[in-house]
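> got a sequence here, can you model it:
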Amino acid sequence: MATLGTTRTETRNLLDDTASTRWTDADLNSYINDAQYEFAVTTGIVTKKVTITLVSGTSEYTITTPGIVGPLDTVYFISGTTPAFTRTLYPTTEKLLDSSVGPTWRDETFSCDNRQAPVQYYLTPDTTASSSAALFKIGIYRKPTIVAGTHQIVVSGPVVPATLSLDATEPEIFLQFHQALPYGAAYRALLRNQDTVSLELAGAYKARFNEFVEMARATLGGVR
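Numbers count the residues shown, from 1 in each chain. Model prediction:
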């Protein structure tokens, strides 16, 4: 199990800088966080679920979990009626709905209690999003009307992992891939030197980092 502190130590070992003469702790912390970001975004291995309560007459909702980078893994509808039921929603686009349903699809409404709505979801840019929110909204077709109970959609997708700031903090990526981070950080540190030896070693560390990326993708291929 790695932490920011142990990852930084291993990064220094790879850089042959155990005396901290060439890179500060702040330098390496930044490179480690960059490596974790790259690993998470490239593989989609860090995921979160968000539950959104539907509002009558509203088809588009902001996804409030910070840093969702998409594409979404799953979206499903939960009826709050008795007995409750769930339905998986399938992806579409606004353009496809325009062509397959017609320009009036945005006005179509169905009662959440009649087990007919919604059936699909689409993503649309969120021009009001702050840096702490996703850059898109999720839209559902058809637009719900609420008869009784609480109706929700549950959204699951890859997110940007939390920044490692304390030495005791553990990376959010899976435990078996923690050892990728020293290689990802070390190759970034070496790029600062721009001499032939450093660049060659950076290339070797980058290749090792990419091996872990491919292993993570293969792991997710059997999970998702």
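
> so which residues of this structure form strands?
Listed in chain order, the strands of the chain (DSSP state E) span 47-53, 60-62, 74-78, 86-88, 90-91, 109-111, 120-125, 136-141, 143-145, 152-158.

> which stretch among those strands comes nearest residue 102?
Comparison of these against residue 102 by C-beta to C-beta identifies strand 136-141 as nearest, at 11.9 Å. C-betas here are computed from N, CA, C, even on glycine.

> adjacent strands (with direction) for the closest one?
strand 60-62 (antiparallel), strand 120-125 (antiparallel) (DSSP bridges).

> any idea which of the strands of the chain scores lowest on pLDDT?
Lowest mean pLDDT of those: strand 109-111, a mean of 82.

> so which bits of that strand are buried?
Within strand 109-111, the residues that count as buried by 16 or more other C-beta atoms under 10 Å are 110-111.

> what's the spacing between it and its chain's center?
Chain-centre distance of strand 109-111: 31 Å, with C-alpha atoms, centre = their mean, to the nearest Å.

> lowest average confidence, helix or strand, in this protein?
Least confident helix or strand, the chain: strand 109-111 with a mean of 82, by mean pLDDT, DSSP states H and E.

> list the contacts of that one.
57, 116-118, 142-147 (C-beta atoms under 8 Å, 6 or more residues apart in numbering).

> number of residues surrounding residue 16?
10 (other C-beta atoms under 10 Å).

> quick one: neighbours of the nearest residue to residue 191 once chain neighbours are set aside, just the number.
In this structure, residue 191 finds its nearest non-sequential neighbour in residue 202, 5.4 Å apart by C-beta to C-beta, 6 or more residues apart in numbering. Counted with other C-beta under 10 Å, residues neighbouring residue 202 total 19.

> residue 202 and residue 7, how far apart?
Computed with C-beta to C-beta, to the nearest Å, the distance linking residue 202 and residue 7 is 18 Å.

> re the thing from before, quick one: strands adjacent to the least confident helix or strand of the chain?
Partners of strand 109-111 in its sheet, by DSSP bridges: strand 143-145 (parallel).

> so who does residue 184 touch?
Going by C-beta under 8 Å, 6+ apart, residue 184 touches 31-32, 34-36, 38-39, 205-206, 209.

> in contact with the closest residue to residue 169 other than its chain neighbours, which residues?
Using C-beta to C-beta, 6+ apart and skipping the chain neighbours, the partner closest in space to residue 169 is residue 4 (5.1 Å). The contact partners of residue 4, by C-beta under 8 Å, 6+ apart, come to 29, 32, 164-169, 171.

> what sits up against stretch 200-214?
Against stretch 200-214 from outside (C-beta under 8 Å, 6+ apart): 14, 35, 39, 42-43, 177, 179-180, 183-184, 186-188, 190-191.

> now stretch 162-169
Residues from elsewhere that reach stretch 162-169 (C-beta under 8 Å, 6+ apart): 3-5, 7-8, 29, 32-33, 36, 171-172.

> ok, so of these, who is nearest residue 76?
Among the contacts of stretch 162-169, and counting by C-beta to C-beta, the member closest to residue 76 is residue 172, at 23.8 Å.

> sweet, I'm off.
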